[in-house]
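J.: 3D model of this:
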Amino acid sequence: MRRRDMAISSERVVEDLIGTFSESLKAHGFEIYPFKVGWYNAVLSHGHHLPYPADTLAVVVLSTPAMFERSFLPFLQNRHCEGLRDPIDQCCVHTVSACVSLCFPDQSVDVSYDYEMLPSRRPKFLAQTAAHISGAAYYYQKSDIHSPPWADQKMFGVCIHPKLGGWFAIRALLVFQDVRVGADLQQKDPPDCVRSQEDRIDLLERFNFRWQDGSYRDIVPTEERYSDQQREYFTTPPGQRGELLRRWGFLMEMDTEKQSSTNKQG
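T.: Alright, predicted model coming up:
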C-alpha cells in the first residue's frame, strides 16, 4: 500500500529515503540533490510552478562525466537503444526509471526529464533553476553582472558545478508526491565558484558566443572532465551521431537509419 503524506526530517530524508537511491545512481554516474518544491516555486512566476505543496520533497538529477562509460556505453552494448529518440535521453530514462522502481516501489514519484515539454510548450521544469536552488550548481546569469557590457543583448545563463565546472548535465527532476519535508531540511546556496565580475563576463561570453568549443566548461578547475570518446560524441553533429555509434560497433545499419538525435550538448 502506498504511504500517504509522510512527514520526515532532513536526516531521515538522506539516510532512510534517498540514501540508497543516491548510491544507486552514483554507481551509474549520476548525482542527486534534494530540495523543497517551495524553494523552486518561490523564484519563478506562477506559470512555471510545480503543482505540489511547498514542503513536498523533490530531487534534481545530474549526469557526471562518468555517466558515459558507466551507463551510456553499456546501455548501447545491451541493445536497449531503439526508435527515434535521442540515445542519451533513452539511457537516462532507462537508468533513472530502473533505480526509482528498485528504491521506491511503494512511493508515488513524478519523474520529469530535461527535454520534456508541457502542452503549452513550456518545459516541464526549469533545469538550471532547479540545480541552483538545490545547491547543486550556481546558475550564472546576466543579472549577476553589475554593469553588463552587452547592452540589451539577450545572454543565456549557465550553471557551473563547484567540482565539475561545466562538465555535467541536468537530466531529471523527481517529485515525491506524498512526502512532506520538515524544517530540518535547510536550503543551502550553491557554491559561488566564479566570483569576480571579469570571470563571470568571460563565462557568459564563452557560453553564448563560443559554446561549440566547450571552453566555458573549464572556467574553474575541475575534478573530472569528459573522456575523449565522450567529447567526440557530443561534438559530432546530432544527425551524424548514429553513424558514429555504428562505427563504434553499437548500432547496425538499419538502426543508424532510424536514429534522429536531438541537438543536445551533454
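
J.: drop to CA atoms for contacts and neighbour counts, all remaining ones
T.: OK.

J.: using the three-state scheme, assign the most centrally placed residue in the chain.
T.: When Cα atoms, centre = their mean is applied to the chain, the residue found nearest the centroid is Ile170 (1.1 Å). Assigned with DSSP: H, G, I helix; E, B strand; the rest coil, Ile170 falls in the strand class.

J.: list the contacts for it?
T.: 60-63, 114, 127-128, 131 (Cα atoms under 8 Å, 6 or more residues apart in numbering).

J.: tell me the pLDDT at it?
T.: For Ile170, the pLDDT comes out at 98.

J.: tell me what it is bridged to.
T.: Beta bridges link Ile170 to Leu62 when assigned by DSSP bridges.

J.: pull the most distant pair out of the contacts of Ile170.
T.: Ser63 and Gln128 (13.3 Å; Cα to Cα).

J.: flag the shaky bits of this structure, pLDDT-wise.
T.: 1-15, 80-84, 251-265 (pLDDT under 70).

J.: rerun that using 50 as the cut-off
T.: 1-3, 253-263 (pLDDT under 50).

J.: tell me which stretches of the protein form helices.
T.: 10-12, 19-26, 37-42, 66-67, 73-77, 87-103, 127-133, 197-209, 228-235, 241-247, 253-258 (DSSP state H).

J.: so the second one versus helix 87-103, what angle?
T.: With axes from the mean of the first three to the mean of the last three Cα atoms, to 10 degrees as the criterion, the two stretches helix 19-26 and helix 87-103 enclose an angle of 150 degrees.

J.: got the CA positions of helix 19-26 in CSV?
T.: Provided in CSV are the C-alpha atoms of helix 19-26 (Å, rounded to 0.1, in the frame of the first residue of the first chain):
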residue,chain,number,x,y,z
GLY,A,19,20.3,7.5,0.6
THR,A,20,20.1,4.1,-1.3
PHE,A,21,18.8,5.9,-4.3
SER,A,22,21.7,8.3,-4.3
GLU,A,23,24.2,5.5,-4.1
SER,A,24,22.4,3.5,-6.8
LEU,A,25,22.5,6.4,-9.2
LYS,A,26,26.1,7.3,-8.2
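
J.: check the offset of that helix from the chain's centre.
T.: The chain centroid and the centroid of helix 19-26 are separated by 15 Å under Cα atoms, centre = their mean, to the nearest Å.

J.: and stretch 104-116, what's buried?
T.: By neighbour count on 16 or more other Cα atoms under 10 Å, the buried set for stretch 104-116 is 104, 107-109, 111-114.

J.: find the residue closest to Cys159 in space, skipping its chain neighbours.
T.: Counting by Cα to Cα, 6 or more residues apart in numbering, Cys159 lies nearest to Tyr139, which is 4.2 Å off, once chain neighbours are set aside.

J.: same check, this time on Ala136
T.: Using Cα to Cα, 6+ apart, the closest residue to Ala136 is Pro190 (5.8 Å).

J.: for Ala137, same thing?
T.: His161 (4.4 Å).

J.: pretty sure that neighbour is touching Tyr138, no?
T.: Yes: at 6.6 Å, His161 counts as touching Tyr138 under the criterion of Cα atoms under 8 Å.

J.: overlap in contacts, these two.
T.: Common neighbours of His161 and Tyr138, using Cα under 8 Å, 6+ apart, are 191, 193.

J.: quick one, what contacts the nearest residue to His49 once chain neighbours are set aside?
T.: Nearest residue to His49 in three dimensions, chain neighbours excluded: Asn41, at 5.0 Å (Cα to Cα, 6+ apart). Counting by Cα under 8 Å, 6+ apart, Asn41 touches 48-50, 54.

J.: same deal with Val60?
T.: Contacts of Val60 (Cα under 8 Å, 6+ apart): 32-34, 130-131, 134, 170-174.

J.: scan those and report the most crowded one.
T.: Ala131 (29 neighbours; other Cα atoms under 10 Å).

J.: gap between that residue and Pro190?
T.: 8 Å (Cα to Cα, to the nearest Å).
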